[in-house]
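**Student:** Sequence and computational prediction follow.
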Amino acid sequence: MIEFRSVSKRFPDGTLAVDDFSLELPAHKVTVLVGSSGSGKTTVLRMINRMVDPTSGAIFIDDEDIATVEPVQLRRRIGYVMQNSGLLPHRRVVDNIATVPRLTGVSKAKAQQRALELMDVVGLDRSLARRYPNQLSGGQQQRVGVARGLAVDPNILLMDEPFGAVDPIVRSDLQQEVLRLQRDLAKTIVFVTHDIDEAFLLGDHVVLLESGGRIVQKGTPEEILAAPANDFVATFIGADRGKRALTQKKVSGRTVLIDGDGNPAGVLTT
Amino acid sequence: MNWLVNNYESILPLLLNHLRLSVIPIAVGFVVSIPLGWLAWRFKLTRGVLLTLAGLLYTIPSLALFTILPPLLGLPYLSETPVIIALTIYALAIMARSAADAFGSVDAGVRQSATAVGYSAWQSFWQVELPLAGPVLLAGLRVVAVSTIALVTVGALVGVKSLGYYFTDGYQRHILFEVLTGLVLTMALALVIDALLVLLGRLALPWARMRPARLPRVPVAMPHNIGKVAA
């Protein structure tokens, strides 16, 4: 479990990015932080592996105050996946995945063997192992990024808008991949996005943030859809535009559900 | 031609000495420029000071530096040490700027991701920043190498033996062919060293030549394969 207790962050330029933020993120679940740019969601994420240190307040991982953990050691036991993959362009795919185990002293042969296994896990063909990152497509690079994040088998995986820069079809593939991985691995995942659909798809828990990291609403996707806390949430999730409203239509004796755009969304079974 | 027949034995020793006089400043300049360039890149204040100083040093005429350095450092005139020191200063003056640019060329996202996955600052420098600065460092090094090899010849004016000897000797004895020989050999040496550096770069930085992934290539009918492209 990750716990934020009254955490604030003021950057040297005076910006108050996060103001008195408190939240518990349950273990083995996907918590999605969603908000527009400037909502402080990425700052919140980066405080978990001490890329950013809070100005006040404290963060605990399994009741351990992370301020007492050496940042480099802390980061090596937390997986991190970022936008544009963040892969090292001068290392081959297999070495990129093996990066963190190598840093922690695992032998090269062992780390590479594990890297190849991880390529299977994230659905990458092993024939890509000897390539350099820029010889891969954007979607493949993100898969390598995920594999690298999993390489030390961390309990926690931080994902900072990992699929923001890939095209919609690839993004959808990657999202399904994350869901599949999560069914198998049950990591504590903290996922940051500005895409509410992505948040609802992936999140066991969704936390909607407004500027300064102010929590507007948190809950399961169902809870948020059923009862948006205010107009801001309604607008953000598209409820106010009727985007989330499904209407029934009888077709050939069955009930088809029609979404806000007039497109069929599915069939009502009971 | 007669000159060449009578003097070919002098070529190899002068060439080797020229090489030695060039390699030391190039190597020292390169190595010292890396920490300086990193500092210049990392801290705005040092950047201004360092790069201005480097620029100023480079404006000092080489012959002046060759003659000023001996009394300044208590070295004998007509020795090669002041020449090597002066050439090192020039090498450093060019290379420091290149090195600062080289570290600046490293993608900020990659740097940040290295930190995020657990590289310490020291590991990140050696394993991420330095290799990724490689291509720009190499470009700077090539300029330094060629310019140093050319500058070594000026040392002949203060009696330091190199291929530049053919310029001063040829000029005094009015043997144009001797001057041309010196010129061609100097240029050849520069080109060979440059080619070696390029080769070294290819070996050390294999990733730098990899082009970004392209979309799957669709065969297009071109004059040479008309009729062979499947519809």
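**Tutor:** Everything's here; your move. Numbers count the residues shown, from 1 in each chain, chains lettered A, B, ... in the order given.
**Student:** How far does the helix or strand containing residue B:66 sit from its chain's centre?
**Tutor:** If you go by DSSP states H and E, residue B:66 is part of helix B:62-73. On the basis of C-alpha atoms, centre = their mean, to the nearest Å, helix B:62-73 sits 23 Å off its chain's mean C-alpha point.
**Student:** what do you get for stretch B:36-56?
**Tutor:** That offset, for stretch B:36-56, works out to 19 Å (C-alpha atoms, centre = their mean).
**Student:** again, but for stretch A:155-171
**Tutor:** On C-alpha atoms, centre = their mean, the centre of stretch A:155-171 falls 7 Å from that of its chain.
**Student:** distance between the ends of it?
**Tutor:** Start and end residues of stretch A:155-171 are separated by 24 Å (C-alpha to C-alpha, to the nearest Å).
**Student:** From residue B:167, how far off is residue B:2?
**Tutor:** 19 Å (C-beta to C-beta, to the nearest Å). The C-beta positions use only the backbone N, C-alpha and C, and glycine is treated the same way.
**Student:** How about the contacts made by residue 75?
**Tutor:** In the absence of a named chain, chain A is used. A:49, A:50, A:51, B:115, B:116, B:117, B:118 (C-beta atoms under 8 Å, 6 or more residues apart in numbering or on different chains).
**Student:** my bad, chain B
**Tutor:** B:69, B:81, B:82.
**Student:** all strands of the stretch 51-200 of chain A, in order?
**Tutor:** Using DSSP state E, counting those that start in this stretch, the strands of the stretch 51-200 of chain A run over A:56-61, A:64-65, A:78-82, A:156-160, A:188-193.
**Student:** Check whether stretch A:13-31 comes into contact with chain B.
**Tutor:** No. For stretch A:13-31, no contact with chain B is found by C-beta under 8 Å from any C-beta of the partner chain; the gap never falls below 15.3 Å.
**Student:** mind checking the longest helix of the chain?
**Tutor:** Defaulting to chain A. Ordering each helix of chain A by length in residues (DSSP state H) puts helix A:168-185 first.
**Student:** try chain B instead
**Tutor:** In chain B, taking DSSP H as the definition, the longest helix is helix B:2-42.
**Student:** tell me the pLDDT at residue B:57?
**Tutor:** Predicted confidence (pLDDT) for residue B:57: 87.
**Student:** same check, this time on residue B:231
**Tutor:** At residue B:231, the model reports a pLDDT of 35.
**Student:** again with residue B:222
**Tutor:** Looking at residue B:222, its pLDDT is 45.
**Student:** what does residue A:251 give?
**Tutor:** pLDDT for residue A:251: 86.
**Student:** If we ignore the residues flanking it in sequence, what's nearest residue 154?
**Tutor:** Going with chain A. residue A:79 (4.3 Å; C-beta to C-beta, 6 or more residues apart in numbering or on different chains).
**Student:** that answer is for a different chain, and I need it for chain B
**Tutor:** residue B:62 (4.9 Å).
**Student:** How many residues are close by the one you found?
**Tutor:** Using other C-beta atoms under 10 Å in any protein chain shown, residue B:62 has 20 neighbouring residues.
**Student:** For residue B:107, see how far away the closest residue to chain B within the stretch 51-200 of chain A is.
**Tutor:** For the stretch 51-200 of chain A and chain B, the shortest gap (C-beta to the nearest C-beta) falls at residue A:86, measuring 2.8 Å. To residue B:107, residue A:86 is 9 Å away according to C-beta to C-beta.
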